[in-house]
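In: model this:
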Amino acid sequence: MRVLQCARAARSTRSALRSARFAASSPAPAGSPLRWRTLARSPWAKEDVTPAEMSSVEVPSLSFDLERVLFGKGISSSGIHTVRDMRNPSIYLFDEFLGRIHQPEEIAFDALPPFTTSSKDENLHELASEHSCKYKASTSSISGIMGQLYLLLSNFKDLRLEGLSKTFENQPRNVAPSACKPIAIMLRPLDGAYAIDSDNSPYRPTNRILMDLGKSLERMVTMDAEEFRRTVLKESNPEQCDRPQPYHFSKMGPFALRSQLDCYHPRIRRPFKTFDIKTRATAPIRLDCDNYKDYLDYGLRRLSGWSESYEREFYDMARTCFLKYSLQLRIGNMDGAFVCYHNTQQMFGFEYITLQDIERIVYGSTALAEKSFEVNSKLLAKLFDRITDDHANETLRVSAFANKALQALEVYVETVSADKGWSESASSSSYLEPSEPLHLDRDTRARKYTLNVRCRVDDVKIHNRPLLFSRGQNLDVVYAIEDHGVVPVDEYEAFLRRAYSFDRDVEKKYWRRIEVGEARNEPAPSS
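Out: Predicted coordinates for the structure are as follows:
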């Protein structure tokens, strides 16, 4: 026994010495010596802290025999389950009610449960206080910055997209630019803790049609036709739903986290037997939402191929959404994502993608998914601690971007003195058009930080290479936070505008050419 104790002590000493040498040898930018710190190896376990009264709230289940999608192989074992027979569209394979999508003007949105942001969630606040959590967040408000940290940690690793047809052999495998753009969140202090909220963009949301339909489509697949008409459609004059929403609450380090639970099935293998519902519009509509009615004749007519195919939608979804989905599902301890493919007017089909499959595509393995989630949670806590120490008890707008050229996370922090709080929607007259500048007040003060990260796997330095990690290996991480002071307003405004909007002109032009049959065989723009 004493021999084993001595051996363990020796290994611990060698590990500490390696970490110290690692921190000392990590390259720092020329002319700016950084103070590198070692991230503790001690594990952070994610704990379920859902109160008993919240655990008893009923989680919806699928309607119209859609559970077939969860466990069936689909057409040609593709996992795709179509609403209509692809060879004979007059034949419905599911209830005809699922074929037609009710338009926003038919939906009584005021009757649907409103979204409660982190800063206004009393249950989340009580749990954060009870478990001594300094930060509280929902999956939607924290997944963006967690995704940026993963891009940095993994050295912008390509996706592991396998099994696609030859059409996609030479297409980009990187995370799409729209999923890598800067993000903006708010840190709102209350009783010694900070709520992490999504930031309200001042720009008109060009994807409003998709946001609105997402709310009604979730109910369309979890209610029978009569209940949907009675509680969702304007024609029935429904009253506002006062039924409590089902949530999963968890704690990890100083973070109290909340996940909305969309759906439940008793045969799901994971302990909570829940999964997420995702609605996915066809490619040309997503890229040109303002003119979505121009693409209503674009349908999903085949399993594979460059356009009008489920394969194309899966490829795009993997590049634009799987990183976000993986984080949301892991935070909520959910089994997977139930995807509804549509063109805003009709539903084409469904697919169930497990968290394990998503993580294999994004990270390469569940082992790296688990380890990077833990490491990035620790890095985020260190970053937020530094920011809130420098701006104690102030409401802060935090925008961040994993800069591949700098190999660092750029962070801008603005003190918001006149905070109006979070709102789900703004008056249409107050929005800026996407082409308009922000015109920040010239007195706006924003401070810039950079988070630098270096890592080793089993004492092998990983620098400018994709991060590979297997279960049983050791991942050592050092980090340095550099304060650049207050930056010029023009610099901050340009950065913030990138967080609020994204230029899709290249993709739009490309899809307009596809519409007239000019570009079907050309590679997609990789940006």
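In: Name the SS class of the residue sitting nearest the centre point of the chain, please.
Out: Nearest residue to the geometric centre of the chain (C-alpha atoms, centre = their mean): residue 324, 2.5 Å. Secondary structure, DSSP: H, G, I helix; E, B strand; the rest coil: residue 324 is helix.
In: Quick check: closest non-adjacent residue to it.
Out: residue 143 (5.2 Å; C-beta to C-beta, 6 or more residues apart in numbering). Just so you know, the C-beta spots here come from the backbone N, C-alpha and C atoms, and that holds for glycine as well.
In: residues in contact with that neighbour?
Out: 324, 327-328, 331 (C-beta atoms under 8 Å, 6 or more residues apart in numbering).
In: Make a markdown table out of these and add secondary structure and distance to residue 477.
Out: As requested, the contacts of residue 143 are exported to a markdown table (DSSP: H, G, I helix; E, B strand; the rest coil; distance: C-beta to C-beta, whole Å):
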| residue | secondary structure | distance to residue 477 |
| --- | --- | --- |
| 324 | helix | 23 |
| 327 | helix | 18 |
| 328 | helix | 24 |
| 331 | helix | 21 |
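In: Pick the one among those residues closest to residue 372.
Out: Nearest to residue 372 among the contacts of residue 143: residue 327, at 9.8 Å, using C-beta to C-beta.
In: okay but the closest one is in contact with residue 376, surely?
Out: No - using C-beta atoms under 8 Å, residue 327 is not in contact with residue 376, being 9.0 Å away.
In: what is in contact with the two at once?
Out: Joint contacts of residue 327 and residue 376 (C-beta under 8 Å, 6+ apart) are 146, 150.
In: Am I right that the residue nearest to residue 324 is in a helix?
Out: Yes - assigned with three-state DSSP, residue 143 falls within a helix.
In: measure residue 453 to residue 158 for me?
Out: As defined by C-beta to C-beta, to the nearest Å, residue 453 lies at a distance of 19 Å from residue 158.
In: if you count what's nearby, which of the two comes out ahead?
Out: Between residue 453 and residue 158, counting by other C-beta atoms under 10 Å, residue 453 is the more crowded of the two (22 against 13).
In: Need phi/psi at the more buried one.
Out: phi -130, psi 140 (degrees, to the nearest 10).
In: and the gap between residue 323 and residue 152?
Out: Going from residue 323 to residue 152 by C-beta to C-beta gives 12 Å.
In: Give me the more crowded residue out of the two.
Out: Applying other C-beta under 10 Å to residue 323 and residue 152 shows that residue 323 carries more neighbours, namely 27 against 23.
In: Now do the contacts for the more buried one.
Out: Neighbour list for residue 323: 147, 150-151, 175, 179, 362 [criterion: C-beta under 8 Å, 6+ apart].
In: Model confidence at residue 490, what's the number?
Out: As predicted, residue 490 sits at a pLDDT of 95.
In: Backbone dihedrals for residue 378, please?
Out: phi -70, psi -40.
In: tell me the pLDDT at it?
Out: So residue 378 comes in at 98 (pLDDT).
In: What separation is there between it and residue 232?
Out: Look at residue 378 and residue 232: by C-beta to C-beta, they are 42 Å apart.
In: and residue 210, that's in a helix?
Out: Yes - residue state for residue 210 (three-state DSSP) corresponds to a helix.
In: Quick check, it in contact with residue 289.
Out: Yes - at 6.3 Å, residue 210 counts as touching residue 289 under the criterion of C-beta under 8 Å.
In: Quick one: distance of stretch 361-371 to the chain centre.
Out: Put simply, stretch 361-371 sits 16 Å off its chain's centre (C-alpha atoms, centre = their mean, to the nearest Å).
In: For that stretch, C-alpha coordinates in PDB please.
Out: As requested, the backbone C-alpha atoms of stretch 361-371 are provided in PDB (Å, rounded to 0.1, in the frame of the first residue of the first chain):
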ATOM      1  CA  ILE A 361     -19.400  14.800 -36.300                       C
ATOM      2  CA  VAL A 362     -18.400  17.900 -34.300                       C
ATOM      3  CA  TYR A 363     -15.700  16.600 -32.000                       C
ATOM      4  CA  GLY A 364     -14.700  13.300 -33.400                       C
ATOM      5  CA  SER A 365     -15.600  11.500 -30.200                       C
ATOM      6  CA  THR A 366     -17.800  11.700 -27.100                       C
ATOM      7  CA  ALA A 367     -14.500  11.800 -25.000                       C
ATOM      8  CA  LEU A 368     -13.500  15.100 -26.500                       C
ATOM      9  CA  ALA A 369     -17.100  16.400 -26.300                       C
ATOM     10  CA  GLU A 370     -17.100  15.700 -22.500                       C
ATOM     11  CA  LYS A 371     -13.600  17.000 -21.900                       C
END
